[in-house]
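K.L.:
need a 3D model of the sequence below.
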Amino acid sequence: MNQAAATRADEKMILAGDIGGTNTRFGLFRHECDRPESVATEIYGSSSLSSLEEGIERFLQEHPARISAACFGVAGPVIKGVCHVTNLPWVVSEARIRERFAFEQATLVNDLLAIAHAIEILTADDLMVLQAAEGDPDGNVAILAPGTGLGVGFLFNIQGAMHPVASQGGHVDFAPTTDLEISLLQTLRKKFARVSLERVASGAGMLEIYRTLRATRQDQGSCGDAIDVSDTSSPQEITRRAVEYGDPLCVETVRLFLRIIGSAAGNLILMSMATKGLYLAGGVLPHVAPLIREGLLLEALLDKGRFRDLLLRVPVYVILNQQTGLLGAARLAVKSLNLRR
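P.N.:
Numbering: from 1, shown residues only. Next up, the predicted model:
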């Protein structure tokens with residue numbers, strides 16, 4: 001038995017999970033400090049698992065440990081300890097997990113609630129600064145997370161204490177602001193009964209943008225070397241070709257995607273008075289950092305007429321640390337232990 005495994009056998013650990021439509025992450029953490037210390041992590045393709053229970057069992061077989069508490073952030077609404085995962089055919093039950101694995105403490109939360117619990121312990125190394133601003137210490141915080149789907153969360157400032165709140169804000173209506181976005185909406189209305197923001201501001205949404213732009217270029221006879229969008233890895237291929245090769249159609253796709261994200265982020269700040277800060281999370285944006293730095297996303301965020309000056313005073317960050325959801329879930333698990341003492 002190696003030293004790390006021996007350490008896990010001798011002490012109780014926190015088990016954290018971050019379950020998304022594409023990836024399912026698990027981690028073991030020590031919980032002596034405010035920022036839980038990562039001991040072991042794994043990433044599994046969500047489609048390779050039949051259930052969250054299968055993922056937990058697989059992870060604990062690879063990393064045996066005594067678990068003091070567990071917490072899992074899941075991409076979907078959690079109601080009375082149960083979640084029908086939005087972009088997976090899973091029904092996850094907090095009680096069922098607790099019973100199957102004999103965990104003394106197990107908590108199921110929305111994935112954005114988990115991320116919100118990690119915001120206060122992120123460091124400069126975890127973030128890319130899009131807009132350096134002082135912010136309002138008495139304001140709220142908003143989180144927008146484009147990944148397989150689109151997550152939205154908040155930290156509301158109540159008498160100086162920050163209170164994380166989950167939401168299903170990614171499923172509000174898509175509100176186009178340019179002629180190109182109106183054309184995109186008109187195209188998608190032929191395909192979907194309702195076009196939510198998630199339909200365009202997510203990995204799947206990036207595919208829809210690409211398809212729409214490609215069809216336009218084909219009509220104009222200027223499509224070029226188009227990607228096969230039946231491939232489920234196509235969002236990653238689009239971002240790779242945009243960043244590494246400057247593929248014109250992929251670059252145009254990502255730029256439109258970033259404008260839509262920016263506009264939605266500005267709306268989110270205004271709706272929640274998130275004057276303390278906006279955090280952009282999720283798995284998509286770190287891969288397109290060079291295009292983000294062009295400024296299209298930030299300019300779309302600021303393009304709110306009379307409220308531009310207010311938005312200029314809000315710090316804006318991209319979260320680069322892809323373990324943020326795990327950190328937040330681990331922190332929640334620690335808090336659940338402390339409440340029992």
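
K.L.:
what does the helix or strand where residue 290 lies contact?
P.N.:
According to DSSP states H and E, residue 290 maps onto helix 289-292. With Cβ atoms under 8 Å, 6 or more residues apart in numbering as the test, helix 289-292 has contacts from 128, 130, 242-243, 251, 254-255, 258, 285, 318. Using the backbone N, CA and C atoms, a C-beta is placed for each residue, glycine as well.

K.L.:
just these: which are in strands?
P.N.:
If you go by DSSP state E, these have 128, 130, 318 in strands.

K.L.:
can you tell me the closest non-neighbouring residue to the second one?
P.N.:
Spelled out, that is residue 130. Nearest non-adjacent residue to residue 130, counting by Cβ to Cβ, 6 or more residues apart in numbering: residue 316, 4.2 Å away.

K.L.:
hey, what's that neighbour bridged with?
P.N.:
residue 131, residue 278 (DSSP bridges).

K.L.:
and it, how close does it get to residue 260?
P.N.:
Applying Cβ to Cβ, to the nearest Å, the value for residue 316 to residue 260 is 16 Å.

K.L.:
on that earlier part again, what number of residues lie near the residue nearest to residue 130?
P.N.:
Neighbour count for residue 316, taken as other Cβ atoms under 10 Å: 25.

K.L.:
okay, it: pLDDT?
P.N.:
As summarised for this prediction, residue 316 has a pLDDT of 98.

K.L.:
wasn't residue 321 part of a strand?
P.N.:
No. With DSSP: H, G, I helix; E, B strand; the rest coil as the criterion, residue 321 is located in coil rather than a strand.

K.L.:
isn't it right up against residue 121?
P.N.:
No. Between residue 321 and residue 121 there is no contact under Cβ atoms under 8 Å: 10.5 Å.

K.L.:
for the residue most central in space within the chain, what are its contacts?
P.N.:
Central residue of the chain (Cα atoms, centre = their mean): residue 282, 3.0 Å from the mean position. Residues in contact with residue 282, defined by Cβ under 8 Å, 6+ apart, are 144-147, 150-151.
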